[in-house]
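Visitor: kindly generate the corresponding structure for this input.
(one chain, ligands or ions: 1)
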Amino acid sequence: MTQRGQFITFEGTEGVGKSTQLNTAAATLRASGIDVVITREPGGTPMAEAIRELLLAPRDEPVHETTELLLMFAARAQHLHTLILPSLAAGQWVLCDRFTDATFAYQGGGRGVANDRIAMLETLVQGNVRPDHTILLDAPVDVGMSRAKHRGELDRFEQETVAFFERIRATYLQRSQAFPSQYQIVDASQPLAAVTAEVTALLLKFVVDNPSKPD
Ligand code: Z5A
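Guide: Have a look, this model is predicted:
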């Protein structure tokens, strides 16, 4: 029987280096002979990417927090059930740039949506599926913002205040304490080579802890 793959998510505030580390992590795993799928949220499938565009586009119309929350989970339902779960069942490891921890951080910590409302949707959409590991790239908000500022037009989230991103960082740190077996924190304010070395060491440990069994 094929052994289920590992589901690993990368989290953190804007610009901390998630995409950079996710690509390096994929290369590390592939060099260890593991079949890897890279994906992201919101998004990851054509329909979920269309929902991402709806969510990120700046607009004059105010977006109600419940609309934002439901769209995040609508995209997640499509992504989880049509891409993530089938890939894991086929033995692939799934590396995902953000997942439901981002909803607790952004919609919960950032927007002030109550945790139990998010948890209700988490159960509805995911049942008991949770990431096997979450790598939290943590850095002061201004570090990530200064790394991200070279991009062009700001999306709807990037237009938020520093205080919004401070609440998000604090929520991630609280969750890392609440779920210590899921979370691994890496100091993302270090130079790139040092961050990459820490993330690579974590990935290699996950490989040792989950040796693939022959079919
Ligand atoms: N969102 C939400 O509200 N609720 C949810 O449930 C979910 C998401 C799932 C889209 O996310 C938005 O959706 C996001 C939260 C919301 N909005 N925000 N903000 P996204 O992940 O696509 O967008 P992002 O967080 O803005 O990601 P990002 O800006 O692309 O950042 P990143 O992936 O963490 O960073 P990067 O692209 O790898 O690196 C940024 C630059 O820094 C780049 O030039 C790198 O070369 C450089 N870099 C990276 N590491 C280093 C180090 N260590 N030193 C120096 N320079 C570095």
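Visitor: only C-alpha atoms for contact and neighbour calcs from this point on.
Guide: Will do.
Visitor: any idea which helix or strand comes after the one helix or strand in the chain whose mean pLDDT sits lowest?
Guide: Lowest on mean pLDDT, DSSP states H and E among the helices and strands of the chain sits helix 141-148, with a mean of 91. Of the helices and strands lying after helix 141-148 in sequence (DSSP states H and E), the nearest is helix 162-178.
Visitor: ok, and does that following helix reach over to the ligand?
Guide: No: Helix 162-178 does not reach the ligand (CA under 6 Å from any ligand atom); its nearest approach is 8.0 Å.
Visitor: stretch 80-98 too?
Guide: Yes: for stretch 80-98, a contact with the ligand is found by CA under 6 Å from any ligand atom, at Arg98.
Visitor: what mean pLDDT does that stretch get?
Guide: Across stretch 80-98, pLDDT averages out at 98.
Visitor: which residue sits closest to Ser212, ignoring its sequence neighbours?
Guide: Gln3 (6.8 Å; CA to CA, 6 or more residues apart in numbering).
Visitor: that neighbour is in contact with Trp93, isn't it?
Guide: No: taking contacts as CA atoms under 8 Å, Gln3 lies outside contact range of Trp93: 10.4 Å.
Visitor: neighbour count: those two, which is higher?
Guide: A side-by-side neighbour count of Gln3 and Trp93, using other CA atoms under 10 Å, places Trp93 first with 23 against 16.
Visitor: bridge partners for that one, pull those for me.
Guide: Beta-bridge partners of Trp93, counted by DSSP bridges, are Val36.
Visitor: okay, it and the ligand: tell me how far apart.
Guide: In this view, Trp93 and the ligand are 19 Å apart by CA to the nearest ligand atom, to the nearest Å.
Visitor: and the gap between that residue and Asp142?
Guide: Between Trp93 and Asp142 the computed distance is 32 Å (CA to CA, to the nearest Å).
Visitor: quick one: residues in contact with stretch 45-62.
Guide: With contacts defined as CA atoms under 8 Å, 6 or more residues apart in numbering, stretch 45-62 is touched by 41-43, 68, 71-72, 74-76, 78-79, 82-83, 155-157.
Visitor: of the residues you listed, which is the nearest to Leu136?
Guide: Glu41 (15.2 Å; CA to CA).
Visitor: and Leu136, that one's in a helix?
Guide: No: under DSSP: H, G, I helix; E, B strand; the rest coil, Leu136 falls outside any helix and is assigned strand.
Visitor: what's the burial count for it?
Guide: Count around Leu136 with other CA under 10 Å applied: 26.
Visitor: list the residues that contact it.
Guide: If you count contacts by CA under 8 Å, 6+ apart, Leu136 has them with 10-12, 172, 176, 183-186.
Visitor: closest one to the ligand out of those residues, please.
Guide: Gly12 (6.6 Å; CA to the nearest ligand atom).
Visitor: Ala193 and Tyr183, how far apart?
Guide: Ala193 is 21 Å from Tyr183, by CA to CA.
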